[in-house]
Structure formats: C-alpha cells, structure tokens
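K.L.:
just need the structure, nothing else, for what follows:
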Amino acid sequence: MPNIKSSIRSVKTDAERRAKNAPIKAALRNASRKVVSLTETASKEDAQTTFVQASSLLDKAARKSIIHKNAAARKKSRLAKRINEMA
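P.N.:
Numbering: from 1, shown residues only. So this is what the prediction gives:
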C-alpha cells in the first residue's frame with residue numbers, strides 16, 4: 001500500500017475504474033466468442049446478426065475509452081473477415 005496521499009487516491013480510483021470496465025470487457029469477449037463459434041457451426045445469417053451486436057458493443061466500448069478505437073476496428077475487421085470466409 002502506498003504512503004503518499006495522491007498514490008493512495010490513485011489506487012482507489014484505479015480499482016473503481018477496473019471494477020467498472022471489467023464487465024464491459026467480459027461482454028466484448030463473450031460476444032466475439034459467440035460470433036467465432038457461429039462461424040464454425042451455424043449459418044452465415046446467424047453469424048451476421050451476432051456480428052452486428054458484437055460490433056455495436058465494440059463501438060460503444062471504444063466511444064467510452066474502455067478500449068482504443070483502433071483495437072475496436074481491428075477486432076471488428078477480424079470478425080467480419082471470418083464471416084466473409086464462410087461458405
């Protein structure tokens with residue numbers, strides 16, 4: 001535990017920020033996993049609809065600075081590529 005007052009405050013705010021961001025990041029991972037699993041098993045239309053939802057979550061997270069906007073774009077691009085490669 002830090003001794004400096006500003007460091008103590010930053011530890012507290014870091015914990016609050018981490019607690020706030022963790023469920024959003026978990027939702028992003030779950031949405032991405034769902035799209036990937038649907039690209040392997042289900043129809044292209046099902047994968048496309050879940051991709052739209054995952055894309056929306058990624059955009060919201062980027063807008064709130066939970067993830068970087070380029071990271072959101074990269075993840076969306078990779079998911080879209082998987083869907084486009086489906087037969």
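K.L.:
identify the residue nearest the geometric centre of the protein.
P.N.:
Residue closest to the average C-alpha location in the chain (CA atoms, centre = their mean): L28, at 3.1 Å.
K.L.:
quick check: which element contains that one?
P.N.:
L28 is part of helix 5-41, with elements assigned from DSSP states H and E.
K.L.:
quick one: contacts of the following helix or strand past that helix?
P.N.:
Moving toward the C-terminus from helix 5-41, the next helix or strand (DSSP H and E) is helix 44-63. The contact list for helix 44-63 (CB atoms under 8 Å, 6 or more residues apart in numbering) reads 24-25, 27-28, 31-32, 34-35, 38-39, 67-69, 71-73, 75-76, 79-80, 82-83, 86. Where C-beta positions appear, they are placed from N, C-alpha and C, glycine not excepted.
K.L.:
does anything pack onto the next helix or strand after helix 44-63? Which helices or strands?
P.N.:
Of the helices and strands lying after helix 44-63 in sequence (DSSP H and E), the nearest is helix 69-84. Contacts defined by 3 or more CB pairs under 8 Å, 6 or more residues apart in numbering; DSSP states H and E place helix 69-84 against helix 5-41, helix 44-63.
K.L.:
mean pLDDT added to the ones you listed, as CSV?
P.N.:
What follows is those, written out as CSV (pLDDT from 0 to 100):
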stretch, mean pLDDT
helix 5-41, 96
helix 44-63, 96
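K.L.:
so of those, which one's packed in deepest?
P.N.:
helix 44-63 (a mean of 16; mean count of other CB atoms under 10 Å).
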